[in-house]
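A.B. asks: predicted model follows, preceded by the sequence.
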Amino acid sequence: MSAGLRQDKYVPFPKERAAFYEKMGCWDDENHIQFLHRLKTEYGRKIAVVQGKQLLSYEALYSRATLYAHQLSAVGIKSGDFVVLQSANVSEFFIVLFGLYFIGARPVFCLNGHGAAEVEGIARNSGAVGYIKINTPQETEDAQDICNQFSRPNFSLWFRSTIVSDGEVNTAAFPNAIASATKNADAYLDMDKLQASAESSRSLAFLQLSGGTTGTPKLIPRTHADYLYSVAMSAKVARLDSHAKILIVLPIMHNFTMSSPGFLGALSVGATLVLATDPSPGHCFSLIEQHAISQVSLVPSLANLWVHSPLLGAYDLSSLQVMQVGGAKLQPELAAAIFDRLDVKLQQVYGMAEGLVNFTSLDDSRDICVNTQGKALSPFDEIQIVDEQGVPVEQGCIGLITTRGPYTINGYYNATEANLLSFTEDGFYITGDLGFKDEHNNIVVTGRQKELINRAGEKITPSEVEALILSHPQVRDVTVIGVPDKALGERIKALVILHDLAQPVVRKDIVDHLKERGIAQFKIPDEIEFVNDFKYTHVGKVNRRQLVGS
Ligand code: AMP
Ligand code: DBH
């Protein structure tokens, strides 16, 4: 393990399990740069990234990343340094990302929606030396503006850089201040030298963020080899090949967008990425038509927006073959609508930046794709569903999902205390998710442990009530939460978005609908509020905690 990683901050794979994964051939010797070098050699002038009118080939991506690496090196960023990276969905991101990898620096991914408090916390926890913010021309807040809002300004984030995407015009010219860099940049183009100085693929590549909705997100340390293993396996289950055209809609720094199969999965097979700058159906449908997009990944709330969009008939979406949906529970009702209204194959993805990723197979029956979250990527993923005492429950019974495997972390970075709560003694990550394995060993996620509603001692799983409310023909979307209640402890509240406000639906209609479906009396919402929208996290998942607080 290179460059200043202390055992009290970074928990590596335990020796015995590491030896097992090595023996099973899970981990390749390629780091992210050797990965890019191979792709450049294989796919050369093929287009890797499309943004607006401009195109970036595999070759151009590689050479621009080397030039940018030289700039980073010239300002003093060194191998092993952590650098916070925050970016809009623009092509400069790829150049900066691989530029950092070229010099062995470690990006700390920060979602574009994160504000100064989060950036500060993330930078402090990781001990980052730099902060690079990549903006669209429309974004006005630069890296320095963010740093100016820090509560304790004088810490070691000495490199602050804002890159503004040239947008539609000239992004592919980035980095443009290359005059002085060009001479020495040749060194970076020399693969022999590069390999000699390259980080081992077993070393820490970057820090991802956990999806916590309050406070500073926890830092997730991933190695080159474990991550690229999950990428390769994801590309396989998504059946990506070099003809694939992938629309990138979700924030580019999110783990789903990066790896499941995400942009790395697409690049790994020589496919072409098309970047959407906003997730609206209008913009995305026109990109699908224009570029003959074959696959796209969405969170359920966005899938809902697309499925019910009045623009659906206005574009030719016939090229779209597969839609991956993940990040939050996809209700079967919406899953079925994705098949029927979009005429695509739905692939559910249940994953986490901590590691474990599950997919339904493209060969699975419609029933399995609609009702389950599929199977783990690797035959070496171990998933144990346990009760509150940590004892495995019987197949088919709901319990807490715990996991360990060749690409799941063994501890958060610099978080000794949190690790005691999040990992079992035998190294299983406690996901906090509830679910069960069906008779074919497919995982079905029923919710999060913290979302369970405790109404006068009765436990209610929000997703069960949500699924029933969603089957009301007038309901477009619903979120069920528990809100504090003096008499009951918690009462059940349903927030409901209707298809058509002109056709009034009242609480009684929903309650009658639930009663007709034979739901237990104590599961019927005490309160129903009709709303126009929910609150969302930075990646577009419904933010339940914020809804409870509202
Ligand atoms: P994050 O911490 O942002 O990496 O989010 C990971 C969490 O998102 C998981 O632990 C689940 O709670 C949730 N999640 C991701 N995908 C799904 C899915 N397909 N179904 C249900 N929950 C999901
Ligand atoms: O929600 C997630 O974090 C997620 C969802 C699907 C994820 O990290 C992934 C796939 O890899």
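C.D. replies: Received it, and whenever you're ready, just let me know what you need. In this text, all values refer to a predicted model and were calculated from it rather than measured experimentally. Ligands and ions are numbered 1, 2, ... in the order given.
A.B. asks: contact residues of the chain facing ligand 1?
C.D. replies: 210-211, 255, 326-329, 348-353, 373, 431, 433, 445, 448 (CB under 6 Å from any ligand atom). In short, each C-beta sits where N, CA and C put it, glycine included.
A.B. asks: one more time with 8 Å, if that's ok
C.D. replies: 208-212, 220, 254-256, 325-330, 348-354, 358, 373, 401, 431-433, 445, 447-448, 537, 539, 541 (CB under 8 Å from any ligand atom).
A.B. asks: now, which of the residues you listed lie within helices?
C.D. replies: 255-256 (DSSP state H).
A.B. asks: quick check on the residues of the chain next to ligand 1: which are buried?
C.D. replies: 208-211, 220, 254-256, 325-330, 348-354, 358, 373, 401, 431, 433, 445, 447-448, 537, 539, 541 (16 or more other CB atoms under 10 Å).
A.B. asks: which of the residues you listed fall in strands?
C.D. replies: 208-209, 220, 325-326, 348-352, 358, 401, 431, 433, 445, 447-448 (DSSP state E).
A.B. asks: for Glu388, give me phi and psi.
C.D. replies: Per-residue torsions, Glu388: phi -60, psi -20 (degrees, to the nearest 10).
A.B. asks: relative to Val480, how far out is the residue in the chain positioned nearest to ligand 1?
C.D. replies: Here the chain gets closest to ligand 1 at one residue, Gly211, 2.2 Å apart by CB to the nearest ligand atom. Applying CB to CB, to the nearest Å, the value for Gly211 to Val480 is 20 Å.
A.B. asks: same check on His70?
C.D. replies: Using CB to CB, one gets 53 Å for the distance from His70 to Val480.
A.B. asks: more neighbours, these two?
C.D. replies: Val480 (27 against 24; other CB atoms under 10 Å).
A.B. asks: the residue of the chain closest to ligand 1 contacts Ala353, correct?
C.D. replies: Yes: between Gly211 and Ala353 there is a contact under CB atoms under 8 Å: 7.0 Å.
A.B. asks: show me which helix or strand of this structure is least confident by mean pLDDT.
C.D. replies: Least confident helix or strand, the chain: helix 182-189 with a mean of 50, by mean pLDDT, DSSP states H and E.
A.B. asks: picking up where we left off before, the residues of the chain next to ligand 1: which ones sit near ligand 2?
C.D. replies: Restricting the residues of the chain next to ligand 1 to those touching ligand 2 (CB under 8 Å from any ligand atom) yields 208, 211, 254-256, 326-328, 349-354, 539, 541.
A.B. asks: what is the lowest-pLDDT residue among these?
C.D. replies: For these, the weakest pLDDT value sits at Gly211, with 78.
A.B. asks: mind listing what's buried in stretch 406-421?
C.D. replies: 406-415, 419.
A.B. asks: err, stretch 434-442, not the other one
C.D. replies: Here stretch 434-442 shows 434-437, 442 as buried, counting by 16+ other CB under 10 Å.
A.B. asks: same deal with stretch 25-43?
C.D. replies: 26-27, 30-37, 39-40, 43.
A.B. asks: with stretch 63-76 instead?
C.D. replies: For stretch 63-76, a neighbour-count test (16+ other CB under 10 Å) marks 63-73 as buried.
A.B. asks: from the residues you listed, which land in strands?
C.D. replies: Judged by DSSP E, those include no members of strands.
A.B. asks: distance from stretch 208-224 to the middle of the chain?
C.D. replies: From the chain centre to the centre of stretch 208-224 is a distance of 11 Å (CA atoms, centre = their mean, to the nearest Å).
A.B. asks: need the CA coordinates for it. CSV is fine.
C.D. replies: The C-alpha coordinates for stretch 208-224 follow below in CSV (Å, rounded to 0.1, in the frame of the first residue of the first chain):
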residue,chain,number,x,y,z
GLN,A,208,-16.6,7.5,-2.9
LEU,A,209,-19.3,9.0,-0.7
SER,A,210,-22.0,7.2,1.2
GLY,A,211,-25.4,8.4,0.5
GLY,A,212,-26.2,9.8,3.9
THR,A,213,-28.7,12.6,3.7
THR,A,214,-27.5,14.6,6.7
GLY,A,215,-24.1,15.7,7.9
THR,A,216,-20.9,14.8,6.2
PRO,A,217,-21.1,11.7,4.1
LYS,A,218,-18.8,8.8,5.1
LEU,A,219,-15.8,8.1,2.8
ILE,A,220,-15.7,4.9,0.9
PRO,A,221,-12.2,3.7,0.0
ARG,A,222,-12.1,1.6,-3.2
THR,A,223,-9.0,0.0,-4.8
HIS,A,224,-8.4,0.0,-8.6
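A.B. asks: residue numbering should commence at 26 henceforth.
C.D. replies: That works, and once the first residue is 26, the last one we named lands at stretch 233-249.
A.B. asks: and Gly146, how far is that from ligand 2?
C.D. replies: 19 Å (CB to the nearest ligand atom, to the nearest Å).
A.B. asks: where does the prediction get shaky in the protein?
C.D. replies: Along the chain, segments meeting pLDDT under 70 span 26-29, 192-198, 201-223, 237-240, 575.
A.B. asks: that one against ligand 2: which residues are in contact?
C.D. replies: Contact residues, the chain versus ligand 2 (CB under 8 Å from any ligand atom): 233, 236, 255, 259, 279-281, 283-285, 287, 324, 351-353, 374-379, 382, 564, 566.
A.B. asks: could I get the phi/psi values of the residue nearest to Ser235 when sequence neighbours are not counted?
C.D. replies: Nearest in space to Ser235, with sequence neighbours left out and distances taken as CB to CB, 6 or more residues apart in numbering, is Lys243 at 4.1 Å. When read as degrees, to the nearest 10, the backbone of Lys243 gives phi -80, psi 150.
A.B. asks: how close does Lys243 sit to ligand 2?
C.D. replies: As judged by CB to the nearest ligand atom, Lys243 and ligand 2 stand 13 Å apart.
A.B. asks: report the closest residue of the protein relative to ligand 2.
C.D. replies: Per CB to the nearest ligand atom, Gly376 is where the chain lies closest to ligand 2, at 2.5 Å.
A.B. asks: longest single helix anywhere in this protein?
C.D. replies: Longest helix in the chain by number of residues (criterion: DSSP H): helix 83-100.
A.B. asks: and the helix or strand immediately after it in the chain, how far out from the chain middle?
C.D. replies: Next along the chain after helix 83-100, taking DSSP states H and E as the criterion, comes strand 107-112. The chain centroid and the centroid of strand 107-112 are separated by 16 Å, computed with CA atoms, centre = their mean.
A.B. asks: quick one: strands adjacent to strand 107-112?
C.D. replies: Applying DSSP bridges, strand 107-112 is found paired with strand 131-135 (parallel), strand 155-160 (parallel).
A.B. asks: got the contact list for it?
C.D. replies: 102, 118, 121-122, 125, 130-137, 139, 144, 147-148, 151-159, 182, 184, 232, 277-278 (CB atoms under 8 Å, 6 or more residues apart in numbering).
A.B. asks: could you do stretch 559-575 as well?
C.D. replies: 136-139, 236, 238-239, 275-276, 279, 281, 304, 324-327, 352-353, 476, 487, 502, 504, 506-508, 520, 522.
A.B. asks: can I get that stretch in PDB, CA atoms only?
C.D. replies: Presented in PDB, the C-alpha positions along stretch 559-575 are these (Å, rounded to 0.1, in the frame of the first residue of the first chain):
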ATOM      1  CA  PHE A 559     -41.300  15.300  -3.200                       C
ATOM      2  CA  LYS A 560     -37.900  16.400  -1.900                       C
ATOM      3  CA  TYR A 561     -35.000  14.700  -3.400                       C
ATOM      4  CA  THR A 562     -31.300  13.900  -2.600                       C
ATOM      5  CA  HIS A 563     -28.500  15.100  -4.900                       C
ATOM      6  CA  VAL A 564     -28.800  12.000  -7.000                       C
ATOM      7  CA  GLY A 565     -32.600  12.200  -7.200                       C
ATOM      8  CA  LYS A 566     -33.700   9.700  -4.600                       C
ATOM      9  CA  VAL A 567     -36.700  10.700  -2.600                       C
ATOM     10  CA  ASN A 568     -35.300  12.300   0.600                       C
ATOM     11  CA  ARG A 569     -37.600  10.700   3.300                       C
ATOM     12  CA  ARG A 570     -35.800  12.300   6.200                       C
ATOM     13  CA  GLN A 571     -36.400  15.700   4.800                       C
ATOM     14  CA  LEU A 572     -40.000  14.900   4.200                       C
ATOM     15  CA  VAL A 573     -40.400  13.800   7.800                       C
ATOM     16  CA  GLY A 574     -39.000  17.100   8.900                       C
ATOM     17  CA  SER A 575     -41.300  19.100   6.600                       C
END
